[in-house]
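Visitor: predicted model and sequence follow; I will ask about them next.
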Amino acid sequence: MKILVVIKQVPDSTTNIKIRPDGEDIERSGIKMVVDPFDEFAIEQAVQLKEKRSDVESVTALIMGPARCSEALRTILAVGADDAIHLQDEAFEKLDELQVAATLGAVIKDGGYELVFRGKQEIDLDSGQLGPALAEALDWPHVGAATKFEPAEDGKSFTANRRIEGADERVEVRLPALVTCEKGLCEMRYPSLPNLMKAKRKPVKAMTAADVPGFAEITAGVGGSEMHQFAPPPQRPPGRILKGEAEETAKELVKLLREEAKAI
Amino acid sequence: MTNDILIFVEQRDDRVHPGALQCVTPGKSLAEKAGGKVVACIVGDNIDGATSAVEQTGVDRIITVSDPALKMYSALRYRTALAAVMEKVEPRVVLMAATFMGRDLSPRVAMRTKAALATDVIELDLTGDGELDIVRPLYNGKATCHVKFPKDRPAIATIRANTFPTPTGGSGAAREDLPYTTLDGDDRINVLEIAKTGGDVKDVTEADIIVSGGRAMKNEDNFKLIFELAKELDAAVGASRAACDAGYQPHSRQVGLTGKTVTPKLYIACGISGAIQHMAGMRGSKIIVAINTDTEAPIFNIADYGIVDDLFKVVPILTEEVLRLKG
Ligand SMILES: Cc1cc2nc3c(=O)[nH]c(=O)nc-3n(C[C@H](O)[C@H](O)[C@H](O)COP(=O)(O)OP(=O)(O)OC[C@H]3O[C@@H](n4cnc5c(N)ncnc54)[C@H](O)[C@@H]3O)c2cc1C
């Protein structure tokens, strides 16, 4: 079984986000970029499978993005991916997420993969579109936001758990399939220094839009949404600190919540 | 493509998700602008209760796809059903709630129907040219952006809970059934079990009010205080990652970047500092209350009401007061 892990490099969650003066993007300079925290679960799950099961041939990492993504790839290779594909082209920068999914689908389709892991959500765009959209592009089943993953003995199916509103759902899915990973599935091991050194020598295949079969048609066939007018989050009205002894402040709060905020 | 607005009405066990009914409000204003109708679609099995709940919101037309195979949500079967409804209605815009189901289903349906998609939408409008223009948060709530949709394909948007009110007072929608025609391979996902979690306490994604505790709770036992207040407010119990990682609460209650994103009408944060990753999950709440001993805690920057005091003193009094108020 060949496993693919789709990775994204995103701003670190603690980064201050500033909006560019023209409002068409955020300020990109000086931002610390990391592997998406949900994609960390994805690579760890894939590597654990390879360690546990003799039928797992290889774990390949796939990333789309500019040259700086090689840093994220190195982390992923150090954690245990065998090789990587780096899709890099200016033409990719204008794609919306559905178009990215269509592009990745075309790249993955004939690669012989049976299982694709991905984080449940990208913490930059926050949308979580890519995983399910990619599964649809491949016409594969998917499990979204999995917290548990157990392959069947025969390697033809798996069961997975996912959290839904107020419940835990357990599903059985036939391979090939895509799984998006949620907190709780596993925690990524720390890439050791020797492994980071070794990662440098692992093969990374570079691909451009020209290498994607039918790139122009498939991306013209879906999506096409555009992001504009970036802004800081809506200002919340200034808050009020209630003063006094606990007895008084607690009473006042309940009163305000009922009479002013009408929230209780 | 027509000028109709289609609403996918999420239900489980014949209970409509409140977020789905809230979609009717923007659905109506978009339909008015576009000169189209509001069409609701319900997918499931035995969905009479859900259907009448939708009718009361005043939609123009209801399409049901009812089949035993659709009893439980499956990404494949539901995408097939919804894509079939879209093919029939040819809507300009499709709205659904930004729930686990909405997030799971919408990208597949968008891909399949060659639509465009935006998720977690908080504002939406149609431009003069008939293009959908929406606003959504991104970068863990640290920014927002507009998304402009191409006008030659359907636009799908999932809408954040509690962004819009639920309309009432409607009746007499035209009804119609559409059969579910299985596609080859739709049976590759099968739900084995749905086990309720959290006992009789509401889930944070379902509640209008959330009372959350942080590291300051110190242990699981102390969370009793939070549960007592939550019970009086008919609220869900949430927690910071620090509290979950320490084992005070299960991760299913974690609010934040790697937990759940919530937008309740009221969020009460007790002993939570307001780390950026926590705020990512709750800054969209309507009213935020912070109880924290540290005046400098960042949570106060986004709180509507704050009490700088020991939560162990304040929370029990709050519970008593709420109880007293309820008489
Ligand atoms: C990739 C990543 C993802 C993350 N995801 C999440 C997430 O999803 N959710 C999340 O919550 N965090 C998340 N975190 C962790 C986050 O950075 C913080 O560490 C965490 O939110 C802190 O939790 P806390 O506020 O409970 O604890 P602390 O930051 O330790 O705050 C405790 C607060 O309690 C106050 N306090 C102490 N005693 C009392 C008392 N008696 N009465 C009143 N107040 C008191 C203190 O003044 C302090 O402000 C994430 C971090 C990373 C790096």
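Guide: Noted; the coordinates are in hand.
Visitor: which SSE is B:Y78 in?
Guide: helix B:75-89 (DSSP states H and E).
Visitor: starting at the chain centroid, how far to that helix?
Guide: Its chain's C-alpha centre and that of helix B:75-89 lie 21 Å apart, by C-alpha atoms, centre = their mean, to the nearest Å.
Visitor: just checking, what packs against the helix or strand following that helix?
Guide: Downstream of helix B:75-89, the next assigned helix or strand under DSSP H and E is strand B:93-97. On a contact count with 3 or more C-beta pairs under 8 Å, 6 or more residues apart in numbering or on different chains; DSSP states H and E, strand B:93-97 meets strand B:5-9, helix B:18-22, helix B:24-34, helix B:100-112, strand B:155-159. No exception for glycine: its C-beta is placed from N, CA and C like everyone else's.
Visitor: same question for strand B:93-97, mean pLDDT?
Guide: Averaged across strand B:93-97, pLDDT comes to 98.
Visitor: neighbouring strands for that strand, and are they parallel or not?
Guide: Neighbouring strands of strand B:93-97 in its sheet, by DSSP bridges, are strand B:5-9 (parallel), strand B:155-159 (parallel).
Visitor: mind listing what B:P26 touches?
Guide: B:L95, B:L124, B:I159, B:F164 (C-beta atoms under 8 Å, 6 or more residues apart in numbering or on different chains).
Visitor: neighbour count for these - can I get that in a markdown table?
Guide: Below are the contacts of B:P26 laid out as a markdown table (neighbours: other C-beta atoms under 10 Å in any protein chain shown):
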| residue | neighbour count |
| --- | --- |
| B:L95 | 30 |
| B:L124 | 23 |
| B:I159 | 30 |
| B:F164 | 22 |
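Visitor: any chance of the strands paired with strand B:93-97 in a markdown table, plus distance to the ligand and mean pLDDT?
Guide: Converted to a markdown table, the strands paired with strand B:93-97 look like this (distance: least, C-beta to the nearest ligand atom, whole Å; pLDDT from 0 to 100):
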| stretch | distance to the ligand | mean pLDDT |
| --- | --- | --- |
| strand B:5-9 | 28 | 98 |
| strand B:155-159 | 20 | 98 |
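Visitor: out of the ones you listed, nearest to A:L95?
Guide: strand B:155-159 (17.2 Å; C-beta to C-beta).
Visitor: per-domain residue ranges of chain A.
Guide: A:2-221, A:234-264 (automatic domain parsing).
Visitor: mind checking the end-to-end distance for the last one?
Guide: If I follow you right, that is domain A:234-264. 24 Å (C-alpha to C-alpha, to the nearest Å).
Visitor: what's the neighbour count on B:P250?
Guide: If you count neighbours by other C-beta atoms under 10 Å in any protein chain shown, B:P250 ends up with 12.
Visitor: for chain A, see how far away it is.
Guide: Applying C-beta to the nearest C-beta, to the nearest Å, the value for B:P250 to chain A is 9 Å.
Visitor: same question for B:V54.
Guide: Taking C-beta to the nearest C-beta, one finds B:V54 at 19 Å from chain A.
Visitor: tabulate the domains of chain A in JSON lines, adding columns for distance to chain B and mean neighbour count.
Guide: Putting the domains of chain A into JSON lines (distance: least, C-beta to the nearest C-beta, whole Å; neighbours: other C-beta atoms under 10 Å in any protein chain shown) gives the following:
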{"stretch": "domain A:2-221", "distance to chain B": "3", "mean neighbour count": "19"}
{"stretch": "domain A:234-264", "distance to chain B": "4", "mean neighbour count": "15"}
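Visitor: about what we covered before: so which elements touch the helix holding B:Y78?
Guide: Using 3+ C-beta pairs under 8 Å, 6+ apart as the contact test, the elements touching helix B:75-89 are helix A:130-138, strand B:5-9, strand B:38-44, strand B:61-66, helix B:100-112, strand B:189-196.
Visitor: for B:I194, grab the count of nearby residues.
Guide: The number of residues near B:I194, taken as other C-beta under 10 Å, comes to 17.
Visitor: contacting residues for it?
Guide: A:I164, A:A167, A:D168, A:E169, A:R170, B:M72 are the contacts of B:I194 under C-beta under 8 Å, 6+ apart.
Visitor: and the contacts of the helix holding B:Y78?
Guide: A:132, A:135-136, A:141-142, A:144, B:2, B:4, B:6, B:8, B:39, B:41, B:43, B:63, B:65, B:67, B:69-70, B:94, B:101, B:104-105, B:108-109, B:112-113, B:115, B:154, B:178, B:180-183, B:185-189.
Visitor: put the alpha carbons of that helix into PDB.
Guide: Listed next in PDB are the C-alpha coordinates belonging to helix B:75-89 (Å, rounded to 0.1, in the frame of the first residue of the first chain):
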ATOM      1  CA  ALA B  75     -20.600  12.000   2.700                       C
ATOM      2  CA  LEU B  76     -21.100  10.000  -0.500                       C
ATOM      3  CA  ARG B  77     -24.800   9.300  -0.300                       C
ATOM      4  CA  TYR B  78     -25.600  12.800   0.800                       C
ATOM      5  CA  ARG B  79     -23.500  14.400  -1.900                       C
ATOM      6  CA  THR B  80     -25.300  12.300  -4.500                       C
ATOM      7  CA  ALA B  81     -28.700  13.400  -3.100                       C
ATOM      8  CA  LEU B  82     -27.900  17.100  -2.800                       C
ATOM      9  CA  ALA B  83     -26.200  17.200  -6.200                       C
ATOM     10  CA  ALA B  84     -29.400  15.700  -7.700                       C
ATOM     11  CA  VAL B  85     -31.500  18.400  -6.000                       C
ATOM     12  CA  MET B  86     -29.100  21.000  -7.400                       C
ATOM     13  CA  GLU B  87     -29.400  19.600 -10.800                       C
ATOM     14  CA  LYS B  88     -33.200  19.900 -10.600                       C
ATOM     15  CA  VAL B  89     -33.400  23.300  -9.000                       C
END
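Visitor: list the buried ones in that helix?
Guide: B:75-86, B:89 (16 or more other C-beta atoms under 10 Å in any protein chain shown).
Visitor: what's near enough to touch B:V121?
Guide: Residues in contact with B:V121 (C-beta under 8 Å, 6+ apart) are B:A98, B:I134, B:V135, B:R136, B:A157, B:T158, B:I159, B:R160, B:T163.
Visitor: can you tell me how far it is from A:P234?
Guide: As judged by C-beta to C-beta, to the nearest Å, B:V121 and A:P234 stand 14 Å apart.
Visitor: now B:I47
Guide: 36 Å.
Visitor: buried among the contacts of helix B:75-89? Make that a ChimeraX selection.
Guide: In ChimeraX, a selection of the buried entries from the contacts of helix B:75-89 looks like this (16+ other C-beta under 10 Å):
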select /A:132,135,136,141,142,144 /B:4,6,8,39,41,43,63,65,67,70,94,101,104,105,108,109,112,113,115,154,178,180,183,186,188,189
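Visitor: nearest to A:M1, of the helices and strands packed on strand B:93-97?
Guide: Of the helices and strands packed on strand B:93-97, the one closest to A:M1 (C-beta to C-beta) turns out to be helix B:100-112, at 23.7 Å.
Visitor: CA atoms only: put the closest one into CSV for me.
Guide: Taking Å, rounded to 0.1, in the frame of the first residue of the first chain, the C-alpha atoms of helix B:100-112 are listed here in CSV:
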residue,chain,number,x,y,z
PHE,B,100,-19.6,19.1,11.0
MET,B,101,-21.9,17.9,8.3
GLY,B,102,-21.9,21.2,6.4
ARG,B,103,-18.1,21.3,6.4
ASP,B,104,-17.8,17.6,5.4
LEU,B,105,-20.4,17.8,2.6
SER,B,106,-20.1,21.2,1.0
PRO,B,107,-16.7,20.7,-0.6
ARG,B,108,-17.7,17.4,-2.2
VAL,B,109,-20.9,18.8,-3.5
ALA,B,110,-19.2,22.0,-4.8
MET,B,111,-16.6,19.8,-6.6
ARG,B,112,-19.2,17.5,-8.1
